[in-house]
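A.B. asks: Need coordinates for the following:
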Amino acid sequence: MNASKANSNSEAAGEPLIVIASNRGPYAFKTQKDGSFSLKRSPGGLVTALGALATSHDVLWVATALGKGDHEWSEQNLNRPQYIEDIYLKFVRPGKRAYEQYYNLISNPLLWFIQHELWDLPRQPSISKETWDAWQRGYVAVNRLFAEAIADAIQNEDEDRPVIIFPHDYHLYLVPRFLREKLGSGVQIQPFIHIPWPSPDAWRVLPEEMRTTLLTSLLMSDRVGFQTQRDAFNFVQTCRFYLTDAHSRGSRDSIHYEGRKVSAATYPISIDVAQLEQMVEEPETRVFQAQVRNYVNNRQLILRIDRVEPSKNILRGLQAYRALLEMYPVHHGHVQMLALLVPSRMEVGEYQNYLQEVMAAAGMINAEYSDGEWEPVRTMLGNNYRRALAAMQLYDVLLVNPIADGMNLVAKEGVLVNQNDGVLLLSEHAGASYELGDHALLVSPFDVYSTAEALHEALSMPLAARRERAEALRSKVQKSDVNRWFRQQLDDALRAFSNQAMNASTSDTPEASKSAASITAGGTSSD
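C.D. replies: Numbers count the residues shown, from 1 in each chain. Modelled structure (predicted):
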């Protein structure tokens, strides 16, 4: 990529080029009748976080062309990076079959289910010839395409200019390996993993060849970013357990492998505070707020907002609500559960089955406890973020009880925008529990009885106690938003570049050469 940002001095010495690689890109294109293209900005914190960075840095984003419009836009631009709203964008265009294998057979469900520890091991998974074919022709091939696209885009960059590459999530675990093969040590490679990293035992599901390939690729990075200290520690332990030459040397957040030290760094992701505070005041959100108020009808609101994924533990949440109604009849007619559910990966059989079970469980609660005027639980399917924001403003209890979650941004969004001094009921296995646990009611996601008791405690909590918790949670989120999350990663990478430059300069001196010679001779090594 050799085009410079308009009206910018970003090519100045030392100014970095930031490369983002992710399965889904920041924009989706649609071809118009006249041959032009309209674009729609993708939702999510990652796009938002880059907004501030892109005003002062060159940002290249490499993503998969997902729709027909994406493919046509890329083809029209000869697959070259194009400048779109402060960033350069380049699409990777795998074949339809390769993408299907990479995404729907390996990334989802195989890796995703391993990392959330959701496989029913006596039955699934079964690693078949189809799985191995998907690994080689899909996952490996698409990861190689990403690395080639990145290398091609930056091939004309000044050698003295720092290049920092951030591959995102489990879709792209092999990108560090292919990038290192093409670019050597002259770039900083820093993947960020949004989902949980489980303990070593979970990885026994993968055949040794796949597992070793993934781990050794990640260890070709300079550092690997995780949501929590637990995830980082589990990564270190996994590498130690499965790779003979990987050593932690007593560290919980770094691993030594083949002469390199790789950091396992913690960067808890967050939300765009300013944007959310603005959105909740906009007219469209207020319309939905009125609708939710009308539905709740002065009852206490238990709210949950989830993608329909087995890891979100929606079924046990419904079981806990049913137990609440059974154990505490005082809540009959006075409490309302609203479940806003976003269909997710409906092409995967496990997700289809889970949605059916959720809807059946909600129906059974209503069949047993509804009295003609009161419907105990309402489920609404669809991706309506404004409606979700409106409901977040009104909850008395926000139920977030995932079996495993890298972070869970709903917990942070909810405590930021809630206007009702609502109580956060939070799973101890959500990444957000590390930051918010002190002022939430923590529960085991598997303990239906204790979750029901916690619901009762939250619904019965005095207003002063609710307000104290709510204000503390809001303050914590406001002090650490998504822009800070990304800047911490960038600062660490730039600091590493600076240290590399200093070390290179020092190694050119006679004293450094003498010291290096003595170490090579075996005088000062340690493990």
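A.B. asks: And stretch 22-42, what's buried?
C.D. replies: 22-29, 31, 39 (16 or more other C-beta atoms under 10 Å). From N, CA and C alone the C-beta is placed, and that goes for glycine too.
A.B. asks: Kindly apply the preceding question to stretch 84-97 instead.
C.D. replies: Neighbour-count burial for stretch 84-97 flags 84, 86-92, 94 (criterion: 16+ other C-beta under 10 Å).
A.B. asks: how about the buried residues of stretch 22-42, which pair is most distant?
C.D. replies: Taking C-beta to C-beta as the measure, those span a maximum distance of 22.7 Å, between S22 and T31.
A.B. asks: where does the stretch 201-350 of the chain have low pLDDT?
C.D. replies: Judged against pLDDT under 70, the stretch 201-350 of the chain has no low-scoring part.
A.B. asks: quick one: R24 is in a strand?
C.D. replies: No. Applying DSSP: H, G, I helix; E, B strand; the rest coil, one finds R24 to be coil, outside a strand.
A.B. asks: by contact count, what packs against the one helix or strand L338 maps to?
C.D. replies: Under the criterion of DSSP states H and E, L338 resides in strand 335-342. For strand 335-342, the elements it packs on are helix 283-296, strand 300-307, helix 314-327, helix 349-369, strand 377-381, helix 385-394, judged by 3 or more C-beta pairs under 8 Å, 6 or more residues apart in numbering; DSSP states H and E.
A.B. asks: what angle sits between the fifth one and helix 283-296?
C.D. replies: Read that as strand 377-381. On the basis of axes from the mean of the first three to the mean of the last three C-alpha atoms, to 10 degrees, strand 377-381 is oriented at 150 degrees to helix 283-296.
A.B. asks: For the stretch 101-250 of the chain, which segments count as helices?
C.D. replies: Assigned by DSSP state H, counting those that start in this stretch, the helices in the stretch 101-250 of the chain fall at 112-115, 129-134, 141-153, 175-183, 208-218, 229-242.
A.B. asks: which other residues reach the fifth one?
C.D. replies: Residues lying outside helix 208-218 but in contact with it, judged by C-beta atoms under 8 Å, 6 or more residues apart in numbering, are 135, 140, 173-178, 191, 203, 206, 224, 235, 238-239, 242-243, 246, 257, 262.
A.B. asks: Show me what counts as buried in it.
C.D. replies: 210-211, 213-218.
A.B. asks: repeat for the longest one
C.D. replies: Along helix 229-242, these residues count as buried under the neighbour rule (16+ other C-beta under 10 Å): 230-240, 242.
A.B. asks: In space, not sequence, find me the middle residue of the chain.
C.D. replies: Nearest residue to the geometric centre of the chain (C-alpha atoms, centre = their mean): H194, 2.9 Å.
A.B. asks: Tell me how far that one lies from L118.
C.D. replies: Computed as C-beta to C-beta, to the nearest Å, the H194 to L118 distance reads 16 Å.
A.B. asks: Likewise for G333?
C.D. replies: Distance, G333 to L118, using C-beta to C-beta: 36 Å.
A.B. asks: Distance to G406 added to the helices of the stretch 101-250 of the chain, as JSON lines?
C.D. replies: As requested, the helices of the stretch 101-250 of the chain are exported to JSON lines (distance: least, C-beta to C-beta, whole Å):
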{"stretch": "helix 112-115", "distance to G406": "9"}
{"stretch": "helix 129-134", "distance to G406": "24"}
{"stretch": "helix 141-153", "distance to G406": "20"}
{"stretch": "helix 175-183", "distance to G406": "19"}
{"stretch": "helix 208-218", "distance to G406": "16"}
{"stretch": "helix 229-242", "distance to G406": "7"}
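A.B. asks: To Y103, which of the ones you listed lies closest?
C.D. replies: Y103 sits nearest to helix 141-153 of all the helices of the stretch 101-250 of the chain, at 8.2 Å, using C-beta to C-beta.
A.B. asks: Show me which of the buried residues of stretch 84-97 is closest to P343.
C.D. replies: Of all the buried residues of stretch 84-97, P343 sits closest to P94, with 24.3 Å by C-beta to C-beta.
A.B. asks: now, among the buried residues of helix 229-242, which is nearest to A274?
C.D. replies: Nearest to A274 among the buried residues of helix 229-242 is D231, at 27.7 Å by C-beta to C-beta.
A.B. asks: Next, the contact list for the closest one, please.
C.D. replies: Contacts for D231 (C-beta under 8 Å, 6+ apart) come out as 193, 196-197, 266, 406, 431.
A.B. asks: in those, which two residues are the furthest apart from each other?
C.D. replies: Every pair of the contacts of D231 checked by C-beta to C-beta; the farthest is P196 and T266, at 12.8 Å.
A.B. asks: Neighbour count: the two, which is higher?
C.D. replies: Between P196 and T266, counted using other C-beta atoms under 10 Å, the more crowded position is P196 (26 against 18).
A.B. asks: Nearest residue to that one in space, please, no chain neighbours.
C.D. replies: A404 (4.7 Å; C-beta to C-beta, 6 or more residues apart in numbering).
A.B. asks: contacting residues for the one you found?
C.D. replies: A404 is in contact with 115-118, 196, 198, 311, 429, counting by C-beta under 8 Å, 6+ apart.
A.B. asks: In JSON lines: the residues you listed, plus distance to D421.
C.D. replies: Output for the contacts of A404, formatted as JSON lines (distance: C-beta to C-beta, whole Å):
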{"residue": "Q115", "distance to D421": "35"}
{"residue": "H116", "distance to D421": "32"}
{"residue": "E117", "distance to D421": "35"}
{"residue": "L118", "distance to D421": "35"}
{"residue": "P196", "distance to D421": "30"}
{"residue": "P198", "distance to D421": "36"}
{"residue": "S311", "distance to D421": "29"}
{"residue": "H429", "distance to D421": "26"}
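A.B. asks: most neighbours, which of these?
C.D. replies: In terms of neighbour count, P196 stands highest of these at 26 neighbours, by other C-beta under 10 Å.
A.B. asks: any idea how far it is from I114?
C.D. replies: Look at P196 and I114: by C-beta to C-beta, they are 10 Å apart.
A.B. asks: And for Q227?
C.D. replies: Distance, Q227 to I114, by C-beta to C-beta: 17 Å.
A.B. asks: what about those two, which has more around it?
C.D. replies: Counted by other C-beta under 10 Å, Q227 and I114 do not tie: Q227 has more neighbours, with 26 against 19.
A.B. asks: wouldn't that one be in contact with S270 here?
C.D. replies: No. Counting by C-beta atoms under 8 Å, Q227 sits too far from S270 to count as a contact (10.5 Å).
A.B. asks: Can you work out which residues contact both of those two?
C.D. replies: Common neighbours of Q227 and S270 (C-beta under 8 Å, 6+ apart) do not exist.
A.B. asks: Pull the contacting residues for N297.
C.D. replies: Q336.
A.B. asks: That one and R161: what is the separation?
C.D. replies: The gap separating N297 from R161 is 61 Å, by C-beta to C-beta.
A.B. asks: With Q319 instead?
C.D. replies: Distance from Q319 to R161, counting by C-beta to C-beta: 56 Å.
A.B. asks: what's the answer for F497, then?
C.D. replies: Going from F497 to R161 by C-beta to C-beta gives 10 Å.
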